[in-house]
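Undergrad: What follows is a predicted protein model with its sequence.
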Amino acid sequence: MHVMLYTTCGSRAEARKIAEALVSERIVACVNYFPAHSVYSWNGKTEKSREYVLLCKTVSRNASKAEKRIKQLHSYECPAFAVYPIASGSKKYLSWISQNTR
């Protein structure tokens, strides 16, 4: 099964570092990262910040490896991490994801 992983981080440099590590270690086939404005609750307060969203494409068996690696590289105390199944997609694209992950 193919999945999309979601996480955020606080800077472009951190997003790039995480993306490059996950791809070079073949935990994921691809990471898209882009800026976002976030509003969230933290320690009883409403916070606002600029973050970078990372969307990572991989296979389900690599989700826990990705979570572990993201936690190792991440500066947040509690990084966002969610796994979404890819219900369908082009056969060629999904095959490419499989071929580019370990």
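TA: Received the coordinates, thanks.
Undergrad: for the protein, longest strand please?
TA: As assigned by DSSP state E, the longest strand anywhere in the chain is strand 45-59.
Undergrad: what comes into contact with it?
TA: 1-12, 14-15, 18-19, 22, 27-41, 66, 86, 97-98, 101 (Cβ atoms under 8 Å, 6 or more residues apart in numbering). Just so you know, the C-beta spots here come from the backbone N, C-alpha and C atoms, and that holds for glycine as well.
Undergrad: Quick check: can you name the pairing partners of that strand and their directions?
TA: Strands that pair with strand 45-59, judged by DSSP bridges, come out as strand 2-9 (antiparallel), strand 30-42 (antiparallel).
Undergrad: Of all the ones you listed, which one comes closest to residue 72?
TA: Closest approach to residue 72 among these (Cβ to Cβ): strand 2-9, 12.6 Å.
Undergrad: following the closest one, which helix or strand comes up?
TA: Later in the chain than strand 2-9, the nearest helix or strand by DSSP states H and E is helix 12-24.
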